[in-house]
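Novice: quick one: sequence and predicted model below, then my questions.
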Amino acid sequence: MLLSIESSCDDSSIAVTEINTKKLIYHKKISQDSEHSKYGGVVPELAARLHTEALPKILEECKVYFDALKAVAVTNEPGLSVTLIEGVTMAKALSIALDIPLIAVNHLKGHIASLFIETNGTFPMITLLVSGGHTMLLRVKDFFNYEVLATTLDDSFGESFDKVAKMLGLGYPGGAKVEEYASKGDFSRFNFTIPLYNSNRHAFSYSGLKNQVRLAIEALGDLTEKDKYDICASFQKTAIAHLLHKTKNILKKERNGIKVFGIVGGASANLSLRENIFALCGEFGLELKLSKLKYCSDNAAMIGRYAIEAYSHNYFTDIRDLQINPKIISKNGY
Ligand code: KG4
Ligand code: ZN
């Protein structure tokens, strides 16, 4: 078995996975959403302090598996430096105490692996990663190698939902809340323009849309619940239309015979996005892969799934070389 740790942002999570069968033996996640909600976003120092309470509590429950562990895997990039350190320090301590090797895991590759928890990978594939930190279209060769086809020029898809939620006083994280409000609203009431619509650039952008929402809120003054529903519906429709428009254009040029499309990341839980991508895949004859809803947002099960592959290739990292890389996105290799 191997034990995996995730602490790149505001979720403390540990999993234990059986290497040969890929079976998830144990998985727990303690989310800090309610603690950060009053600040309208993640407060890094608070997140770090909460990890120091939550991670040892979860680890305590994993003691029964310690004798069977062959490696310990941990997210070391990208993420918040003060929270990555928490997981990496715990992983190093376990590595020394149990005399087992360390596996460093890139969080984005972890999200890709979330599609294959307890199953085999289906590569090559095109993958849309939509989270709080990233909006990327990737050509994924295998568990270890991918090529970025497009990324965001500014805010990420999930972040724009969080910011709209903050402007409307809906709390943090905003994604699920905005989706819920959108389901009750009139999406044609506000005519927000789709970002980069007339540009040939293979890129995403969400800061302009966020500003359009801000101006609409300011123009209304006091907001009724109905206003909030309509803003969320109109915003969500435009945010998804932008993803689809760019994804479609990029697929036409970059698909190269690939037959599988995956959506991963916390925002891939959005049902309207799932439906729209499903229709797009139908147009292109692509098979759609989705993670289970519980594995869309940050979790250690996906880190463990990636680590099984790393383990089988002997991709271990020496304890002295294992560093955190808060912003680095390792595109290729392990
Ligand atoms: O992958 P994740 O848990 O953390 C990062 O790696 O960033 O993604 C969290 C992001 C947040 O921005 C959250 O608002 C967004 O995913 N999110 C959603 C939905 N559920 C979560 N965005 C849109 N619709 C949702 N239903
Ligand atoms: Zn994530």
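Specialist: Thanks, I have the structure now. Ligands and ions are numbered 1, 2, ... in the order given.
Novice: where along the protein do the helices fall?
Specialist: Along the chain, counting by DSSP state H, helices occupy 33-37, 44-61, 81-98, 107-113, 157-167, 175-182, 207-220, 225-254, 271-284, 300-312.
Novice: of those helices, which is nearest ligand 2?
Specialist: Minimum separation from ligand 2 across the helices of the chain (C-beta to the ion) falls at helix 107-113, 5.5 Å. Where you see a C-beta, it was placed from the backbone N, CA and C, and this is true even at glycine.
Novice: residue of the stretch 201-334 of the chain closest to ligand 1, please.
Specialist: In the stretch 201-334 of the chain, the residue that lies nearest ligand 1 is residue 266 (2.0 Å; C-beta to the nearest ligand atom).
Novice: and that residue, how far from residue 21?
Specialist: 27 Å (C-beta to C-beta, to the nearest Å).
Novice: who has more neighbours out of the two?
Specialist: residue 266 (26 against 11; other C-beta atoms under 10 Å).
Novice: isn't the more buried one right next to residue 158, touching?
Specialist: Yes: between residue 266 and residue 158 there is a contact at 5.5 Å, judged by C-beta atoms under 8 Å.
Novice: so what sits against both of these two?
Specialist: Counting by C-beta atoms under 8 Å, 6 or more residues apart in numbering, the shared contacts of residue 266 and residue 158 are 130-132, 173, 175.
Novice: what's the most distant pair in those residues?
Specialist: Farthest apart among those by C-beta to C-beta are 130 and 173. That separation is 13.1 Å.
Novice: my guess is residue 3 contacts residue 18. True?
Specialist: No: applying C-beta under 8 Å as the test, residue 3 and residue 18 come out as separate, 11.4 Å apart.
Novice: so which of the two has more stuff around it?
Specialist: residue 3 (30 against 16).
Novice: so what's that one up against?
Specialist: Going by C-beta under 8 Å, 6+ apart, residue 3 touches 14-16, 62, 65, 69, 71-73, 94, 304.
Novice: which PyMOL command selects the buried ones in those residues?
Specialist: To isolate the buried ones among the contacts of residue 3 in PyMOL, judged by 16 or more other C-beta atoms under 10 Å, type:
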select buried, resi 14+15+16+62+69+71+72+73+94+304
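Novice: could I get the contacts of residue 3 as JSON lines with pLDDT?
Specialist: Rendered in JSON lines, the data for the contacts of residue 3 read as follows (pLDDT from 0 to 100):
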{"residue": "14", "pLDDT": "98"}
{"residue": "15", "pLDDT": "98"}
{"residue": "16", "pLDDT": "98"}
{"residue": "62", "pLDDT": "98"}
{"residue": "65", "pLDDT": "98"}
{"residue": "69", "pLDDT": "98"}
{"residue": "71", "pLDDT": "98"}
{"residue": "72", "pLDDT": "98"}
{"residue": "73", "pLDDT": "98"}
{"residue": "94", "pLDDT": "98"}
{"residue": "304", "pLDDT": "98"}
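Novice: in a markdown table: the contacts of residue 3, plus distance to residue 222.
Specialist: Listed next are these as a markdown table, based on distance: C-beta to C-beta, whole Å:
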| residue | distance to residue 222 |
| --- | --- |
| 14 | 46 |
| 15 | 47 |
| 16 | 52 |
| 62 | 51 |
| 65 | 55 |
| 69 | 57 |
| 71 | 57 |
| 72 | 53 |
| 73 | 51 |
| 94 | 54 |
| 304 | 49 |
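Novice: overlap in contacts, residue 130 and residue 173.
Specialist: Both residue 130 and residue 173 are contacted by 158, 266, under the criterion C-beta under 8 Å, 6+ apart.
Novice: more neighbours: which of these two?
Specialist: Of the pair residue 130 and residue 173, residue 130 is the one with more neighbours under other C-beta under 10 Å, namely 30 against 25.
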